[in-house]
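> next input, structure requested:
(one chain, ligands or ions: 2)
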Amino acid sequence: MSDQYILALDQGTTSSRAIVFDHQGNMKGVGQQEFRQHFPKPGWVEHDANEIWSTQIGVAQQALSNAGIRASDLAAIGITNQRETTLIWDRATGKPIHHAIVWQDRRTAGYCDSIRDQYAKTLQDKTGLVLDAYFSGTKVKWLLDNVPGARERAEKGELAFGTIDSWLVYNLTGGELHITDATNASRTLLYNIHTGEWDDELLRILDVPRSVLPEVRNSSEVYGKTAAGLLGAQVPIAGIGGDQQAATFGQACLERGMAKNTYGTGCFMLMNTEGEAVPSQNKLLTTVAWQLDGERTYALEGSVFIGGAVVQWLRDGLNIIRSSTEIEALARTVDSSEGVMLVPAFVGLGAPYWDAYARGTMVGITRGTTKAHIARAALEAVAYQSAELLEAMQKDSGVQLKELRVDGGASTNDLMMQFQADILGVPVIRPKVTETTALGAAYLAGLAVGYWKSTDDIAHQWQEDKRFEPQMSEEERTRLMRRWKKAVARARDWENDSEE
Ligand SMILES: Nc1ncnc2c1ncn2[C@@H]1O[C@H](COP(=O)(O)OP(=O)(O)O)[C@@H](O)[C@H]1O
Ligand SMILES: O=P(O)(O)OC[C@H](O)CO
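Ligands and ions are numbered 1, 2, ... in the order given. Okay, the predicted model is just below:
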């Protein structure tokens with residue numbers, strides 16, 4: 001086993017990544033490529049599924065070559081993915097019928113409103129989710145209703161729906177498998193998290209025919225092998241997990257009450273609640289953390305839609321930095337944001353507001369405000385949003401967090417992590433491997449093929465790299481959080497003309 005490796009495919013919102021891990025959980029080779037974001041209308045976000053597949057298989061080859069190994073050296077492949085992003089393809093040709101509708105896309109917000117009074121409670125009771133355009137179900141309905149002929153073809157069994165994990169497995173196996181795992185299924189509004197099955201009542205409510213659905217499997221098991229000729233050897237595909245759940249696994253948050261926050265495009269805080277699907281009283285989500293041997297572990301989740309993406313906006317939209325990493329140096333040129341607050345509600349607000357009509361705003365600007373203050377306000381905004389998640393999570397779970405494990409591309413920003421610890425009043429801990437999403441997928445796959453024997457092996461591998469201790473006074477923290485909530489109130493309900 002020691003000369004074998006695990007390949008993790010991490011298909012994120014902004015880039016496709018592949019990482020080769022060894023038995024100690026060290027990274028041996030990485031491949032990464034950004035791909036195009038399509039914004040056909042305000043609030044709409046799409047991906048070209050063919051580009052997702054071509055970049056993903058390209059970076060897989062790149063990671064193998066950077067690690068200096070061949071596919072025949074792999075014990076297994078694990079898959080992790082941006083969740084909720086919705087795709088329908090033709091079963092016969094494998095061609096997508098439309099671009100994938102990305103999780104951030106708000107096009108179904110009006111439809112959600114129209115069924116809210118009647119169905120929100122049923123949907124929440126069965127799926128653990130809030131009725132919101134974020135999740136796959138209403139996006140599937142939109143595709144079936146808006147792509148000419150789609151609904152008739154779906155009824156005839158000609159079309160397949162999948163989240164990105166399903167799409168990757170379908171392509172990796174040369175069209176043989178149409179599956180997903182319980183974590184990804186739990187983000188669709190169509191899957192009952194208590195029974196572990198697609199639910200007829202939910203399918204009826206959202207008008208989705210059963211014929212398009214993938215089979216739901218464990219997060220860790222051998223599903224099949226890569227198609228001959230694809231990678232040079234037929235490798236077992238043995239793990240699937242939504243990226244936030246995979247990160248929770250990779251952070252070894254394996255016991256009740258342990259939590260992590262991932263700073264990628266968005267921010268996602270998950271707390272392990274073991275076998276109990278804790279219903280949220282504070283607008284968090286109840287979700288499947290992983291399913292091993294038919295047994296589901298659950299988590300409470302807080303989802304923030306714009307995290308690191310606010311930094312991309314400063315880079316690509318405002319051009320005040322040339323690369324994401326430059327933001328820290330720019331923000332450090334000032335001691336504080338001097339009262340400027342930026343609410344990056346670019347695609348509405350997720351937890352704990354679930355306001356599809358909120359839009360971004362910046363308050364507290366004076367004649368002395370510079371791009372450095374804005375940069376600092378952007379980083380602080382990510383931390384404020386995460387602090388609101390923690391507040392809700394502590395209320396829901398009754399657990400006072402002792403520490404928060406962090407990861408994701410933007411967690412490398414020390415200034416932001418220090419501010420996060422300050423505003424939470426809880427130590428923030430960054431592990432040695434911050435690519436915990438990919439690592440989690442590798443662990444899921446490795447467990448299925450005996451590369452790692454048990455979750456204990458995994459817990460032992462987790463290593464702290466850097467700890468950020470809170471330094472802010474309680475009084476200052478309270479003052480800033482109050483201000484933040486005031487700024488959020490300014491951003492809310494902006495796009496909703498119905499009351500004017
Ligand atoms: N040093 C940094 N400071 C702040 N944000 C950063 C930094 N480096 C990267 N980011 C942000 O992190 C995000 C990328 O993180 P990643 O985990 O790769 O995201 P995803 O999986 O969502 O594609 C981008 O939105 C980028 O702007
Ligand atoms: O691509 P990421 O890492 O921002 O993750 C996206 C989430 O899975 C959306 O729910």
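> what does the stretch 151-300 of the chain put close to ligand 2?
242-244, 264-266 (CB under 6 Å from any ligand atom). C-betas here are computed from N, CA, C, even on glycine.
> from the residues you listed, which has minimum pLDDT?
Minimum pLDDT for those is recorded at residue 265 (87).
> scan this protein for its longest helix.
In the chain, taking DSSP state H as the definition, the longest helix is helix 371-397.
> give the next helix or strand downstream of it.
Note on helix 371-397: by DSSP states H and E, the next helix or strand toward the C-terminus is strand 404-407.
> tell me the strands beside that following strand, with direction?
strand 259-263 (parallel), strand 428-431 (parallel) (DSSP bridges).
> ranking these by burial, who's on top?
Most buried of the strands paired with strand 404-407 by mean neighbour count (mean count of other CB atoms under 10 Å) is strand 259-263; its value is a mean of 28.
> got the contact list for that strand?
243-244, 247-248, 251, 253, 267-272, 307-308, 382, 386, 389, 393, 401, 404-411, 413, 416, 436-437 (CB atoms under 8 Å, 6 or more residues apart in numbering).
> okay, now the unreliable bits of the chain?
Within the chain, the segments meeting pLDDT under 70 span 1-2, 498-500.
> kindly recompute the last result at 80.
1-3, 496-500 (pLDDT under 80).
> who in it is up against ligand 2?
Near ligand 2, when you scan the chain using CB under 6 Å from any ligand atom, you find 12-13, 82-84, 103, 242-244, 264-266, 303.
> one more time with 8 Å
Applying CB under 8 Å from any ligand atom, we find that the chain lies next to ligand 2 at 12-14, 81-85, 103-104, 134, 187, 242-244, 262, 264-266, 268, 303, 307-309, 408, 437.
> write the PyMOL selection for whichever of these are buried.
Here is the PyMOL command that selects the buried residues among the residues of the chain next to ligand 2 (16 or more other CB atoms under 10 Å):
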select buried, resi 12+13+14+81+82+83+84+85+103+104+134+187+242+243+244+262+264+265+266+268+303+307+308+309+408+437
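> check the residues of the chain next to ligand 2 one by one and keep those near ligand 1.
Answer for the residues of the chain next to ligand 2 near ligand 1 (CB under 8 Å from any ligand atom): 12-14, 82, 243, 262, 264-266, 307-309, 408, 437.
> in strands, which of these appear?
residue 262 (DSSP state E).
> which pair in the ones next to ligand 1 among the residues of the chain next to ligand 2 has the greatest spatial separation?
309 and 437 (16.1 Å; CB to CB).
> buried set for the strand ranked longest in the chain?
In the chain, with assignment by DSSP E, the single longest strand is strand 295-304. By 16+ other CB under 10 Å, the buried positions in strand 295-304 come out as 296-304.
> cool, and stretch 355-373?
355-364, 369, 371-373.
> tell me if stretch 387-405 is near ligand 1.
No - Stretch 387-405 stays clear of ligand 1 (CB under 8 Å from any ligand atom), getting no nearer than 14.7 Å.
> so how far is that stretch from its chain's centroid?
19 Å (CA atoms, centre = their mean, to the nearest Å).
> alpha carbons only: can I get that stretch in PDB?
Provided in PDB are the C-alpha atoms of stretch 387-405 (Å, rounded to 0.1, in the frame of the first residue of the first chain):
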ATOM      1  CA  ALA A 387     -19.700  35.000  13.100                       C
ATOM      2  CA  GLU A 388     -23.400  35.200  12.500                       C
ATOM      3  CA  LEU A 389     -23.300  31.500  11.500                       C
ATOM      4  CA  LEU A 390     -21.600  30.600  14.700                       C
ATOM      5  CA  GLU A 391     -24.100  32.600  16.800                       C
ATOM      6  CA  ALA A 392     -27.000  30.600  15.200                       C
ATOM      7  CA  MET A 393     -25.200  27.300  15.500                       C
ATOM      8  CA  GLN A 394     -24.500  27.700  19.200                       C
ATOM      9  CA  LYS A 395     -28.100  28.500  19.800                       C
ATOM     10  CA  ASP A 396     -29.300  25.500  17.800                       C
ATOM     11  CA  SER A 397     -26.900  22.900  19.200                       C
ATOM     12  CA  GLY A 398     -26.500  24.200  22.700                       C
ATOM     13  CA  VAL A 399     -22.800  23.600  22.300                       C
ATOM     14  CA  GLN A 400     -20.400  26.500  23.100                       C
ATOM     15  CA  LEU A 401     -17.600  26.100  20.600                       C
ATOM     16  CA  LYS A 402     -14.100  25.800  22.100                       C
ATOM     17  CA  GLU A 403     -12.300  26.300  18.800                       C
ATOM     18  CA  LEU A 404     -13.100  26.600  15.100                       C
ATOM     19  CA  ARG A 405     -11.100  24.600  12.500                       C
END
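> tell me which residues are up against that stretch.
Contacts for stretch 387-405 (CB under 8 Å, 6+ apart): 251, 253, 256-261, 267, 269, 271, 273, 278, 280-284, 300, 302, 304, 351-352, 420, 423-424, 426-431, 481, 484.
> 7 Å - rerun?
251, 253, 257, 259-261, 269, 271, 273, 278, 280-284, 300, 302, 304, 351-352, 423-424, 426-429, 431, 481 (CB atoms under 7 Å, 6 or more residues apart in numbering).
> repeat that for stretch 94-105.
With CB under 7 Å, 6+ apart as the criterion, stretch 94-105 contacts 13, 38, 44-50, 82-90, 133-134, 139, 142-143, 147, 150, 159, 175, 305, 347.
> what does stretch 274-283 give?
128, 130, 193-194, 256, 286, 297-298, 300, 351-352, 354, 392, 395-397.
> stretch 179-198 now?
Contacts for stretch 179-198 (CB under 7 Å, 6+ apart): 83-84, 123, 126-129, 135-137, 162-163, 165-166, 169, 199, 202-203, 206, 208, 210, 213-219, 223, 240-242, 245, 277, 286-288, 290-291, 296.
> mind checking the end-to-end distance for that stretch?
Distance across stretch 179-198, first residue to last, is 13 Å (CA to CA, to the nearest Å).
> mind listing what's buried along it?
179-193, 196, 198.
> just stretch 91-98 next, same as before
For stretch 91-98, by 16+ other CB under 10 Å, it's 91, 96-98.
> quick one: residues contacting the residue nearest to residue 209 when sequence neighbours are not counted.
In this structure, residue 209 finds its nearest non-sequential neighbour in residue 154, 5.2 Å apart by CB to CB, 6 or more residues apart in numbering. Residues near residue 154 by CB under 7 Å, 6+ apart: 144, 209, 211-212.
> could you redo the last one with a cut-off of 6 Å?
144, 209, 212 (CB atoms under 6 Å, 6 or more residues apart in numbering).
> could you check how far the residue of the chain found nearest ligand 1 is from residue 416?
Nearest residue of the chain to ligand 1, counting by CB to the nearest ligand atom: residue 409, 2.2 Å away. For residue 409, the distance to residue 416 (CB to CB, to the nearest Å) stands at 11 Å.
> how many neighbours does residue 40 have?
Under the neighbour criterion other CB atoms under 10 Å, residue 40 is assigned a count of 11.
> I'd guess it is in a strand, am I close?
No - the assignment for residue 40, made by DSSP: H, G, I helix; E, B strand; the rest coil, is coil rather than a strand.
> grab the nearest non-local neighbour of it.
That would be residue 46: by CB to CB, 6+ apart, it lies 6.2 Å from residue 40.
> check which helix or strand residue 194 maps to.
With DSSP H and E as the test, residue 194 turns up in no helix or strand.
> distance to residue 318 for the buried residues of strand 295-304 - can I get that in CSV?
Shown next, in CSV, are the buried residues of strand 295-304 (distance: CB to CB, whole Å):
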residue, distance to residue 318
296, 43
297, 41
298, 40
299, 35
300, 35
301, 30
302, 27
303, 25
304, 20
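> right, I'll call it a day here.
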